[in-house]
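Asks: Quick one: sequence and predicted model below, then my questions.
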Amino acid sequence: MAKIRIGIVGIGNCAFSLVQGIEHYKTKTEKDIIGLMHWDIGGYKPYDIEVVAAFDIDKRKVGKDISEAIFQLPNCTTIFHENVSKKGTIVRMGRILDGFAEHMKNYDEKYTFLLSDEKEASKEDVVRELRESGTEILLNYLPVGSEEATKFYAECALDAGVGFINNMPVFIASDSKWAGRFEDKGIPIIGDDVKSQLGATIVHRVLTNLFKRRGVKLERTYQLNTGGNTDFLNMLDRNRLTSKRESKTEAVQSQTKGRLDNENIHIGPSDWVAWQKDNKVCFLRMEGKLFGDVPMNLELRLSVEDSPNSGGVVIDAIRCCKLALERGKGGLLYSPSAYFMKHPPKQFTDSEAYRMTEEFISGKRED
């Protein structure tokens with residue numbers, strides 16, 4: 001089959017894992033795959049994806065083939081596929097706006113961005129690159145807090161007529177005005193803020209739903225996360241966390257029997273620990289009451305490589321977006337957004353969202 005042609009904004013650890021994964025699964029078959037929810041979606045396999053456009057602001061990446069750029073600092077995730085073939089796709093200078101946190105200028109260069117001296121791209125530059133490269137779907141991997149930069153690239157996707165997958169916690173798909181603009185242009189969009197395959201949010205959601213189904217009253221909960229990648233360093237600026245905290249908190253609140261008071265739920269990044277690199281550690285606590293108002297509590301520690309943990313989810317989101325393009329379905333894709341994202345426009349349980357997405361993939365549901 002023809003390749004699905006994607007563009008990527010932000011060549012950080014998540015893009016690093018995604019590009020490695022596309023190569024990695026070329027050597028696999030359906031019988032021996034590990035780490036994917038679907039091998040085949042609409043006839044497209046995990047490796048039927050081609051990166052044809054890429055944008056970043058780091059001088060160590062701009063101007064390089066993406067196969068080389070992904071291995072540059074400050075990327076620090078696990079290398080599980082070393083031999084990534086040359087793609088012929090050069091990373092272009094993007095637009096900075098609020099995509100770079102000021103406090104990161106004072107850190108060791110191995111942990112943070114080194115801003116390129118090249119002229120920033122205009123909207124016309126980005127749109128031209130998307131059109132000339134034949135991009136069909138644009139992925140947003142900008143840092144948390146990049147509100148204006150995300151809106152800039154969403155505008156570029158609209159002008160270029162390409163699908164948009166918003167993997168970050170800036171509310172585009174879940175904003176009715178933005179979603180309406182994609183609907184008006186007949187362009188599919190999936191978002192916002194990608195769930196990991198088996199990460200803190202999905203585990204917290206499932207356990208919260210389990211409490212509800214088993215008649216346990218959840219009274220208090222927290223989720224504290226530490227990590228050593230650039231994203232956690234970026235999130236030391238608490239002013240950039242408003243949307244992130246809302247996204248993660250609502251993902252859990254949506255699964256409770258009754259909303260918890262704000263003082264009884266705390267979810268979000270806790271601290272940056274440099275030596276953890278791309279390893280993310282989640283500390284989760286849930287307190288509740290069982291039969292007879294007898295108290296109980298649950299504590300869980302989850303350790304995962306943060307960026308590979310989202311790779312398989314995004315590969316599925318890309319293929320679902322491609323199905324929408326083939327079917328002429330524009331606007332918000334409710335089912336994939338509910339299953340793949342933390343902050344979709346409408347929350348469902350994960351089992352409901354799974355069923356809806358399977359129906360979308362099979363064509364039984366138009367969305």
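Replies: Structure's in. What do you need? Residues are numbered from 1 along each chain as shown.

Asks: what's the neighbour count on Lys86?
Replies: 9 (other Cβ atoms under 10 Å). C-beta: built from backbone N, CA, C; applies to glycine.

Asks: what's near enough to touch it?
Replies: 65, 67-68 (Cβ atoms under 8 Å, 6 or more residues apart in numbering).

Asks: again, only this time at 7 Å
Replies: 65, 67 (Cβ atoms under 7 Å, 6 or more residues apart in numbering).

Asks: And what about it, helix, strand or coil?
Replies: coil (DSSP: H, G, I helix; E, B strand; the rest coil).

Asks: Would you agree Ser85 is in contact with Ser67?
Replies: Yes. Contact criterion Cβ atoms under 7 Å: Ser85 and Ser67 qualify, at 6.3 Å.

Asks: List the residues that contact the closest residue to Gly88 other than its chain neighbours.
Replies: The spatially closest residue to Gly88, leaving aside those adjacent along the chain, is Asp65, at 6.8 Å (Cβ to Cβ, 6 or more residues apart in numbering). Residues in contact with Asp65 (Cβ under 7 Å, 6+ apart) are 86-90.

Asks: Filter those residues down to the buried ones.
Replies: Those of those that meet the buried threshold are 87, 89, by 16 or more other Cβ atoms under 10 Å.

Asks: follow-up on the earlier one: Ser85 and Ser67: which is more packed in?
Replies: Using other Cβ under 10 Å as the criterion, Ser85 and Ser67 rank with Ser67 on top: 18 against 9.

Asks: Can I take it that that one is in a helix?
Replies: Yes. Looking at Ser67 with three-state DSSP, it is inside a helix.

Asks: Can you tell me how far Pro143 is from Asp58?
Replies: 12 Å (Cβ to Cβ, to the nearest Å).

Asks: Please disregard the earlier target; I meant Gln253.
Replies: Applying Cβ to Cβ to Gln253 and Asp58 gives a distance of 36 Å.

Asks: Neighbour count for the two, which is higher?
Replies: Each of Gln253 and Asp58 has its neighbours counted (other Cβ under 10 Å); Asp58 has more, 25 against 19.

Asks: Contacts only, for the closest residue to the more buried one other than its chain neighbours.
Replies: Residue nearest to Asp58 in three dimensions, not counting chain neighbours: Phe113, with 4.8 Å by Cβ to Cβ, 6+ apart. Phe113 makes contact with 57-58, 74, 100, 104, according to Cβ under 7 Å, 6+ apart.

Asks: I'd like to know which of these are buried.
Replies: The buried subset of those (16+ other Cβ under 10 Å) comprises 57-58, 74, 100, 104.

Asks: Can you get me a residue count around the residue nearest to Val216 when sequence neighbours are not counted?
Replies: In this structure, Val216 finds its nearest non-sequential neighbour in Gly288, 4.7 Å apart by Cβ to Cβ, 6+ apart. Neighbourhood size, Gly288 [other Cβ under 10 Å]: 19.
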